[in-house]
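Using only what follows, build the 3D model:
(2 chains)
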There are 2 protein chains.
Amino acid sequence: MNSAKNKKVVVLSGGVGAAKLLKGLTRVIDPTDITAIVNVADDTQLHGLHISPDLDTITYTLAGEIDTQKGWGLQNESWNAMEMLSRYGGVDWFQLGDRDLGTHMYRTHRIHQGASLSTIAEEIATGLNVKVNLLPASDDPINTIITTPKAGEIEFQEYFVRYQHNLEISNVNFKGVENAQPAPKVIDAIMTASAIIIAPSNPIVSIGPVLAVPGISEALDKRRELCVAVSGIINGKALKGPADRMLFDLGHDVSPLGIAKIYKKVASKIVIDTSDAQYIDEIENLGFGCLATDTVMTNEKKSETLCSTILSTFFPEVIK
Amino acid sequence: MNSAKNKKVVVLSGGVGAAKLLKGLTRVIDPTDITAIVNVADDTQLHGLHISPDLDTITYTLAGEIDTQKGWGLQNESWNAMEMLSRYGGVDWFQLGDRDLGTHMYRTHRIHQGASLSTIAEEIATGLNVKVNLLPASDDPINTIITTPKAGEIEFQEYFVRYQHNLEISNVNFKGVENAQPAPKVIDAIMTASAIIIAPSNPIVSIGPVLAVPGISEALDKRRELCVAVSGIINGKALKGPADRMLFDLGHDVSPLGIAKIYKKVASKIVIDTSDAQYIDEIENLGFGCLATDTVMTNEKKSETLCSTILSTFFPEVIK
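Alright, predicted model coming up:
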């Protein structure tokens, strides 16, 4: 066996939670051995610019340039474009910092030139000296549509940013996903990984659209024994974002048990927070391996510890 | 006669020179009586954004927010988006300030919504409290293509900004102009004007595409007696930009006489700089009325004086 090949770790990723986990992972294994397969169904077009929120959050976090206060966007940001836009009465509910705009301008220019999202993600990562392999789940357009009793069908960013996710939901679908293909290298990354981690991202709207790309779930099926999901639900709540309410609205258990059930087909192991230890038996009864540990990544050291605990528990050959 | 109707002044406009003249004119007559018909053949798409350089230069100047040092862009500008873009190796030869980007984002968003350039120009002017009526020559796409022996056929902004207009040219054409229509209100503004001023803008690439829009020259023909052209060539040179070299390369006289010949069909009066007084006889022999005065608009007061001199000489009923 080629030991170099044994160290590859794939992380299915949404935004903030995945970014923190990936940052921790880069402190445990060689960043070039890490591949993030990132949700792009939240991508949106605003002002003619193509915005990939999850890819950007991950890239900025790994580059050490994320605004850690906000959890999104860049450090040392200015807001002069938005201020000007507001003077015209323009659409300003989606805040775009000036430095951040440089990223969207670059991506949009390259899209107009015919470059794929995955090529562009790699170029942006290279520009910011990020060594982790960042793959959009798909290069094809996928668009998360949220059905809400109050506001009807709305796009994800409208739900998430404009309405601050304060809306009951009745359905979620990923427009275009049935015709989407996994981006190049995605299936290969899954099939050659030594470990696959599902980040503690929103299972409905962050990991959901990744798994919905035809071919990705099927590949994960075959690698189920190597796949560990980290619960983003702790003590009945999502640490960040609307995952708890979305799970509730859609009839899932708002607990690590609910997460385990959602990932049953693709994961064989679940990582839950220590505060949820009461679920261990039930989760194991579903056939999962279960690790209870501190999953709250309040700083990089804690992210690192979480990652090294996951790897040393389930994949000791990867870490040593 | 309705005296209110007698005061309408139309200015055929490029960028910087026209902006200065318009600013001066607002100090002489009511801004709401002024209509600028503005070149949009320099418009370009960059990073997915629609940029209208001449409209923006005029709007920013009239709003009192132009960067007077550079002559384009906004005061108190920051460049954080461009800096970020450069880190990716993005296209950074066309400098876009952060505040300026807010304008392009607004315009692009409205275009995607289906709004016309003229509606958007009005909205942007309103946002910046500009009272002059700003009309793009056309709402349809027109694209100035410069043929150069060295670099082949290139778009105007590439010639102007990227190559800093340091290229010999052999031809200029306005792609799409044959199918372009005058924007709403353009023909009406010309037909109801009491005076029409051709700003001292580049006759080839600024005024040229305005005159090339089918219907505009024909309307001006009928109003020739009311049309005065201000020469942007002074003492054999363009005050700004490549007009002198372009005229030379294309076989025109690089003098007010050359300007007069170019505008012979649409204008009956020419304003030249005092330093070019030797051309008065030749210009008058072509059938023009000719005024020699100080045409160098180094500050707003001088712009105002130029405008009030032009109006009191040729259109005293407008000014009094």
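
buried set for stretch A:268-284?
Within stretch A:268-284, the residues that qualify as buried are A:Ser268, A:Lys269, A:Ile270, A:Val271, A:Ile272, A:Asp273, A:Asp276, A:Tyr279, A:Ile280, A:Ile283, counting by 16 or more other Cβ atoms under 10 Å in any protein chain shown. C-beta here means a position set from N, CA and C on the backbone, and glycine is covered the same way.

oh sorry, the question was meant for stretch A:283-290
Neighbour count says stretch A:283-290 has A:Ile283, A:Phe288, A:Cys290 buried, by 16+ other Cβ under 10 Å.

ditto for stretch A:111-125
Neighbour counts over stretch A:111-125 (16+ other Cβ under 10 Å) mark A:Ile111, A:Ser116, A:Leu117, A:Ser118, A:Thr119, A:Ile120, A:Ala121, A:Glu122, A:Glu123, A:Ile124, A:Ala125 as buried.

Same question for stretch A:202-221.
Across stretch A:202-221, burial judged by 16+ other Cβ under 10 Å covers A:202-213, A:216, A:219-220.

for these, which one is nearest A:Glu178?
A:Ala212 (8.5 Å; Cβ to Cβ).

Break down the stretch 1-150 of chain A into its helices, ranges please.
Assigned by DSSP state H, counting those that start in this stretch, the helices in the stretch 1-150 of chain A fall at A:16-26, A:53-62, A:80-87, A:98-112, A:117-127.

List the contacts of A:Trp72.
A:Gly15, A:Val16, A:Pro53, A:Asp56, A:Thr57, A:Tyr60, A:Ile66 (Cβ atoms under 8 Å, 6 or more residues apart in numbering or on different chains).

so where is chain A shaky, pLDDT-wise?
A:1-6, A:320 (pLDDT under 70).

Could you pick out the residues of it near chain B for me?
By Cβ under 8 Å from any Cβ of the partner chain, the part of chain A that sits against chain B consists of A:45-50, A:74, A:77-78, A:80-91, A:97-106, A:108-109, A:111-112, A:123-124, A:127-128.

doesn't A:Met105 make contact with A:Ile124?
No: A:Ile124 is not in contact with A:Met105 according to Cβ atoms under 8 Å; the separation is 11.3 Å.

What segments of the stretch 51-200 of chain A are strands?
For the stretch 51-200 of chain A, applying DSSP state E, counting those that start in this stretch gives strands covering A:133-136, A:143-148, A:152-155, A:171-175, A:195-198.

and these, which is most packed in?
Stretch with highest mean neighbour count among the strands of the stretch 51-200 of chain A: strand A:195-198 (a mean of 28; mean count of other Cβ atoms under 10 Å in any protein chain shown).

Spell out which strands sit alongside it in the sheet and which way each one runs.
Strand A:195-198 has the following strand partners under DSSP bridges: strand A:9-13 (parallel), strand A:227-230 (parallel).

Leaving out the residues flanking it, which one is nearest to A:Ala292?
The shortest distance from A:Ala292 to any non-neighbouring residue, by Cβ to Cβ, 6 or more residues apart in numbering or on different chains, is to A:Ala277 (4.7 Å).

For the helices of the stretch 1-150 of chain A, give me TSV that also has distance to A:Pro136.
Listed next are those as TSV, based on distance: least, Cβ to Cβ, whole Å:
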stretch	distance to A:Pro136
helix A:16-26	13
helix A:53-62	6
helix A:80-87	25
helix A:98-112	11
helix A:117-127	4
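
so which of the ones you listed gets nearest A:Leu257?
Checking the helices of the stretch 1-150 of chain A against A:Leu257 by Cβ to Cβ gives helix A:16-26 as the closest, at 18.8 Å.

any idea of the angle the closest one forms with strand A:9-13?
160 degrees (axes from the mean of the first three to the mean of the last three Cα atoms, to 10 degrees).

Excluding chain neighbours, what is closest to A:Met80?
If you look again at residue A:80, you'll see it is Asn, not Met. Nearest to A:Asn80 is B:Asp98, by Cβ to Cβ, 6+ apart, at 4.0 Å.

Count the residues that sit near that neighbour.
With neighbours defined by other Cβ atoms under 10 Å in any protein chain shown, the count for B:Asp98 comes to 26.

residues touching it, list them.
A:Ser78, A:Asn80, A:Ala81, A:Met84, A:Asp98, A:Leu101, B:Glu77, B:Ser78, B:Trp79, B:Asn80, B:Ala81.

hang on, the second one packs against B:Gln75?
No: here A:Asn80 does not reach B:Gln75: they are 11.5 Å apart, not a contact under Cβ under 8 Å.

So for those two, which residue has more residues nearby?
Using other Cβ under 10 Å, the more surrounded residue of A:Asn80 and B:Gln75 is A:Asn80, with 23 against 15.

and that one, what does it touch?
If you count contacts by Cβ under 8 Å, 6+ apart, A:Asn80 has them with A:Asp98, B:Glu77, B:Ser78, B:Asn80, B:Gly97, B:Asp98, B:Arg99, B:Gly102.
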